[in-house]
Every structure is written in C-alpha cells, then in structure tokens.
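> Kindly generate the corresponding structure for this input.
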Amino acid sequence: MPFVGSGGSPATGGHYKLLRDRTRLILAVRGTETDSLIDWLTNAVVQTTQTGPYLGAHTGFAAAAQSLIDDIRTDVDAQLALGASGLVVVGHSLGGAVGQLLAHRLEGLGYPVERVVTFGAPAAGRSTWSSVYLNMNSRTHGFQDHRDLVVCLPPDQVVWTHNGRPS
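Modelled structure (predicted):
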C-alpha cells in the first residue's frame with residue numbers, strides 16, 4: 001500500500017501519512033514522539049474548546065487536528081479525483097484522539113469517512129464533544145489495554161469521555 005501524501009505541523013507536533021490501495025484511503029495519524037516537547041505540550045493542555053467544529057474537544061488535540069486539516073484535504077481530494085472512494089482514519093495514542101477529531105471534521109466537510117480505529121488513545125474530549133461526535137460512534141473502534149496509562153488520560157475520567165466501541 002503506497003504512501004500518497006503526508007504532512008506535519010511543527011507548531012503542534014501533529015503528523016499524518018495517507019496510504020491508498022485500489023479504492024480505499026487510510027489516514028494514519030502519528031502518536032506522541034517520546035522525545036518531542038511539542039507533542040508532550042499538546043497532550044498536557046487539558047482545557048476544552050468552547051466554539052467551532054471541535055466543540056468540547058481537548059484544546060491541544062483540536063489544535064493539532066486544525067493544523068493538519070488543510071493538507072489532509074488537499075491530499076485526499078487528489079486521491080478522490082483519481083478514483084478512491086472511501087476513507088479509514090487510524091491512530092495510536094495522541095494520534096487516535098487527533099484522528100477522531102479529523103474524522104469528524106472531514107465527514108462534516110463531505111468526505112467519505114467509513115471507519116475510525118484507535119489504539120491506546122486518550123479521551124478526545126468531554127461530554128459536549130461526545131455529543132458532537134455521536135454520529136461517528138458506531139464507526140469508531142477503540143482498542144485499549146486496561147494497563148495502559150494513556151487510555152486513563154486526561155486524569156478526570158468522570159468528565160472526559162471515550163467515544164466509539166471499546167475493543
């Protein structure tokens with residue numbers, strides 16, 4: 001499966017790769033790099049957005065998603081013009097949370113998001129975000145290991161909500 005696009009934002013640490021088989025696109029969003037101060041700062045912002053397309057989402061994750069969305073749209077548009085017909089978003093850790101935000105935004109912009117798959121992702125937002133994300137829940141699968149600290153973040157799990165179906 002060849003890479004057909006990639007991008008990143010030095011300001012937020014967000015990075016993605018776009019892959020393609022004959023008809024389907026896979027948008028892979030990178031998780032935290034252990035030696036990246038920017039990634040750790042993105043993770044540490046535990047406020048939520050109050051307006052916009054990521055309403056109720058973790059501010060750091062929303063900033064990372066917003067920093068990538070234009071480049072992703074350019075890459076996906078090019079592939080859709082060449083016959084691609086579906087989009088699957090995947091991500092690990094930070095990339096799983098940012099991937100959820102990107103998937104929701106892309107679908108809202110009319111892109112054919114089929115599924116979201118996360119591995120060891122923290123909660124992407126609070127209950128307000130979960131309400132915004134509701135239409136994506138049945139297509140979202142979150143793989144979690146109960147011994148993984150990341151899936152317990154942010155620390156106040158009463159307020160922060162995981163989306164989709166845990167696996």
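> residues near residue 92, how many?
Residues within reach of residue 92, counting by other Cβ atoms under 10 Å, total 20. Glycine gets a C-beta too; all of them are placed from N, C-alpha and C.
> Next, it: phi, psi?
phi -120, psi 140 (degrees, to the nearest 10).
> just residue 91 next, same as before
phi -170, psi 150.
> who touches it in this structure?
28, 29, 30, 31, 97, 98, 99, 100, 117, 118, 119, 121 (Cβ atoms under 8 Å, 6 or more residues apart in numbering).
> Let me know how buried the nearest residue to residue 139 once chain neighbours are set aside is, in neighbour terms.
With sequence-adjacent residues excluded and distances taken as Cβ to Cβ, 6 or more residues apart in numbering, residue 139 is closest to residue 115, at 5.0 Å. For residue 115, the number of neighbouring residues by other Cβ under 10 Å comes to 18.
> Likewise for residue 32?
18.
> ok but it is inside a helix, no?
No - secondary structure of residue 32 (DSSP: H, G, I helix; E, B strand; the rest coil): coil, not part of a helix.
> just checking, it touches residue 98?
No - counting by Cβ atoms under 8 Å, residue 32 stays clear of residue 98, with 10.3 Å between them.
> Residue 1 touches residue 20, doesn't it?
Yes - Residue 1 lies in contact with residue 20 (Cβ under 8 Å); the separation is 6.7 Å.
> okay, the two: which has more neighbours?
Higher neighbour count among residue 1 and residue 20: residue 20, with 19 against 10, using other Cβ under 10 Å.
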